[in-house]
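Undergrad: here is a sequence with its predicted model. Questions after.
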Amino acid sequence: MNPLEATRRHFFQNCSIGLGATALSTLLHRDTHAGDTKTPLASRRGHFAGKAKAVIFLFMAGGPSQLELFSDKPELNKLHGQKVPEVFTKGKRFAFIKNDAQILGCSRKYKKYGECGMEISELLPHHAEIVDEVCWLRGMKTDVFNHGPAKVFVNTGSPQFGRPSMGAWITYGIGSETDSLPGFVVLQSGPRGPRGGAALYSSGFLPTTFQGVPFLRGENPILDLKPPKGFEETNPREFVDTIRDLNQMRFDRVGDPEIQTRIASYEMAYRMQSAAPALMDISKEDKKTLELYGVELGKPSFAANCLLARRLVERGVRFVQLYHTDWDHHGGNLDLGKSLENITKEVDRPSAALIKDLKRLGMLDSTLVIWGGEFGRTPMGEARETTGRDHHIDAYTMWLAGGGIKKGIIYGATDEIGYNVTEKPVHVHDLQATILHCLGLDHEKLTFKFQGRQYRLTDVHGTVVKEILA
């Protein structure tokens, strides 16, 4: 035998912290039931008792315009067509427009709703029905003005690829409450996936046990879960048991812990074969519920994904993230006219329905719902074939509802044209810290050592926004 080959074989077979051990950690979603706290995805307490048990993040990929949706600015309309004062743009960078861009008024009509008096535009009539269930963050700020890095920043706390996502950090911290589905599920709608791709729900340097699992459209939402053609009649329990016995023999010989990971991954897949089809079959929901969300059976949509998100949380999934694309309204084909009207129709009704449905079922107090994108839009116009708005990082709106958050409050304010935050700013890192807090996690203590230093979701930043906590 070649001595080099023998050495290489010995390395992979007998070294429990070799490359094989590192790579195979990707396979485990759960290695036993939720009550066993020795397993990675077992449900466990955080640093303190949190009010939220699960999170549903409705991510509007592309950057919704707060000026057309949530923030009525009469002064903006008065200044329409004028050059923005230099005091606003000096030293600033934008994705496309120049510093001498003209102010763009808003043609949408606004009304105030609810006891909180939140301003909602005519584009979101169903949002007007939930204003007093929601905490409106009107002073959001971020650091990154290009889509891919900005999405990664919101989700991982860094604009660079490779960091764990929020869902990964949360399942790493407190596990999940299901043993037959992943703890972190990703659903997508719209004409394409979001910029940034899998990095938005990656486990980064955390064990890949904690990464998000995308559920696909159609009758086979999870890849490679169904038996291959020709093996449909095979007893899956016998197959899993046989693989388990063979893997156990190998483990007894070499002691590689990743073999136990392989055993557990097959067990999870076996349980998912029965759990996943039942989950995805929304036809058994009553007619009233389907109408509430605006679901058309057999038609993939954001509405169907909102209903699926509720069903996932009911079954103990810890973190569900919905991505809905095409909010990037610069002008041209994606403008502030018909394009914006179409996309708001797609998300308005189901977003509000999710809040109503969770409340009806007694789940809203334990489920934290988040709505928003990676940034907002500029008060200045961007002229293409038609006029739109550029990316804006200094002032935009998001909303939170449910688990641990005060309802019916407006937090933060912006100046007369919506350019800068004037009261109670909330940075992305502050939002991340607050989300973790609602789940019973201290963002400064939830850390993982990698390459010689302790990392966390909020890096070295972030403050819990205590004023919005219930």
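TA: Sure, I can see it.
Undergrad: so who does Tyr419 touch?
TA: Val84, Phe88, Thr378, Pro379, His392, Asp394, Ala395 (Cβ atoms under 8 Å, 6 or more residues apart in numbering). Heads up, the C-betas are built off the backbone N, CA and C, glycines and all.
Undergrad: which of those scores worst on pLDDT?
TA: Summarising pLDDT for these: the lowest-scoring member is Phe88, with 86.
Undergrad: confirm that one sits in a helix?
TA: Yes. Inclusion of Phe88 in a helix is indicated when DSSP: H, G, I helix; E, B strand; the rest coil is applied.
Undergrad: what strand or helix carries the residue most central in space within the chain?
TA: Taking Cα atoms, centre = their mean as the criterion, Gln321 is the residue nearest the geometric centre of the chain, at 3.6 Å. Taking DSSP states H and E as the definition, one finds Gln321 inside strand 319-324.
Undergrad: how about that strand as PDB, C-alpha atoms only?
TA: This file holds the C-alpha atoms of strand 319-324, laid out as PDB (Å, rounded to 0.1, in the frame of the first residue of the first chain):
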ATOM      1  CA  PHE A 319     -38.200  30.600  12.800                       C
ATOM      2  CA  VAL A 320     -40.100  31.000   9.500                       C
ATOM      3  CA  GLN A 321     -38.900  33.500   7.000                       C
ATOM      4  CA  LEU A 322     -40.900  34.600   4.000                       C
ATOM      5  CA  TYR A 323     -39.200  36.400   1.100                       C
ATOM      6  CA  HIS A 324     -41.300  38.400  -1.400                       C
END
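Undergrad: quick one: the strands in the stretch 151-300 of the chain?
TA: Counting by DSSP state E, counting those that start in this stretch, the stretch 151-300 of the chain forms strands over residues 184-189, 213-215, given from the N-terminal end onward.
Undergrad: give the buried residues for the last one.
TA: The neighbour-count check on strand 213-215 (16 or more other Cβ atoms under 10 Å) flags Val213, Pro214, Phe215 as buried.
Undergrad: go on, stretch 328-335?
TA: Buried residues in stretch 328-335, counted by 16+ other Cβ under 10 Å: Asp328, His329, His330, Gly331, Leu334, Asp335.
Undergrad: please convert those residues to JSON lines, extending it with distance to Leu58 and pLDDT.
TA: Compiled in JSON lines, the buried residues of stretch 328-335 are given as follows (distance: Cβ to Cβ, whole Å; pLDDT from 0 to 100):
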{"residue": "Asp328", "distance to Leu58": "17", "pLDDT": "96"}
{"residue": "His329", "distance to Leu58": "18", "pLDDT": "96"}
{"residue": "His330", "distance to Leu58": "22", "pLDDT": "95"}
{"residue": "Gly331", "distance to Leu58": "25", "pLDDT": "92"}
{"residue": "Leu334", "distance to Leu58": "20", "pLDDT": "90"}
{"residue": "Asp335", "distance to Leu58": "23", "pLDDT": "91"}
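Undergrad: now the helices for the stretch 101-250 of the chain?
TA: 147-156, 166-174, 236-254 (DSSP state H, counting those that start in this stretch).
Undergrad: can you say which of these is packed in most?
TA: The highest average neighbour count among those, using mean count of other Cβ atoms under 10 Å, belongs to helix 166-174 at a mean of 27.
Undergrad: I'd like the average pLDDT over that helix.
TA: With pLDDT averaged residue by residue, helix 166-174 scores 97.
Undergrad: before we move on, the earlier item: which of the helices of the stretch 101-250 of the chain sits closest to Ala383?
TA: Put simply, out of the helices of the stretch 101-250 of the chain the one that sits nearest Ala383 is helix 147-156, at 20.2 Å, with distance taken as Cβ to Cβ.
Undergrad: packing partners of the closest one?
TA: With contacts taken as 3 or more Cβ pairs under 8 Å, 6 or more residues apart in numbering; DSSP states H and E, helix 147-156 sits against no other helix or strand.
Undergrad: need the contact partners of it.
TA: 59, 61-63, 142-144, 158-161, 163-166, 194-196, 199-202, 204, 328, 374-375, 391, 393, 428, 457.
Undergrad: and that helix, how far from the chain's centre?
TA: Relative to the centre of its chain, helix 147-156 is centred 11 Å away, using Cα atoms, centre = their mean, to the nearest Å.
Undergrad: over to stretch 238-248?
TA: Centroid separation for stretch 238-248 versus its chain: 36 Å, with Cα atoms, centre = their mean.
Undergrad: now do it, average pLDDT.
TA: Rounded to a whole number, the mean pLDDT of stretch 238-248 is 78.
Undergrad: what stretches of the protein score poorly on pLDDT?
TA: Within the chain, the ranges that satisfy pLDDT under 70 run 1-39, 217-228, 230-237, 239, 257-258, 260-270, 273-274.
Undergrad: now do the strand holding Gln321 against strand 184-189, angle only.
TA: Interaxial angle of strand 319-324 relative to strand 184-189 (axes from the mean of the first three to the mean of the last three Cα atoms, to 10 degrees): 20 degrees.
Undergrad: before we move on, back to that, now distance to Ile435 too, for the helices of the stretch 101-250 of the chain, in CSV please.
TA: CSV is the format used below for these (distance: least, Cβ to Cβ, whole Å):
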stretch, distance to Ile435
helix 147-156, 11
helix 166-174, 7
helix 236-254, 36
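Undergrad: who wins for proximity to Pro125 among the ones you listed?
TA: Distances from Pro125 to each of these were compared using Cβ to Cβ; the shortest belongs to helix 147-156, at 27.1 Å.
Undergrad: ok, back up a step: JSON lines for the strands of the stretch 151-300 of the chain, including distance to Glu416?
TA: Conversion of the strands of the stretch 151-300 of the chain to JSON lines gives the following (distance: least, Cβ to Cβ, whole Å):
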{"stretch": "strand 184-189", "distance to Glu416": "36"}
{"stretch": "strand 213-215", "distance to Glu416": "42"}
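Undergrad: nearest to Pro300, out of those strands?
TA: With Cβ to Cβ as the measure, strand 184-189 is the member of the strands of the stretch 151-300 of the chain nearest Pro300 (6.7 Å).
Undergrad: ok, the closest one: who's next to it in the sheet?
TA: Based on DSSP bridges, the pairing partners of strand 184-189 within the sheet are strand 213-215 (parallel), strand 319-324 (parallel).
Undergrad: residues contacting that strand, please?
TA: Outside strand 184-189, the residues that reach it (Cβ under 8 Å, 6+ apart) are 167-168, 170-171, 176, 194, 201, 210-215, 300-302, 304-305, 308-309, 312, 317-325, 346.
Undergrad: cool, stretch 446-464 as well?
TA: Residues from elsewhere that reach stretch 446-464 (Cβ under 8 Å, 6+ apart): 47, 156-158, 163-164, 166, 169, 172-173, 205-206, 427, 429-430, 432-434, 436-437, 443-444.
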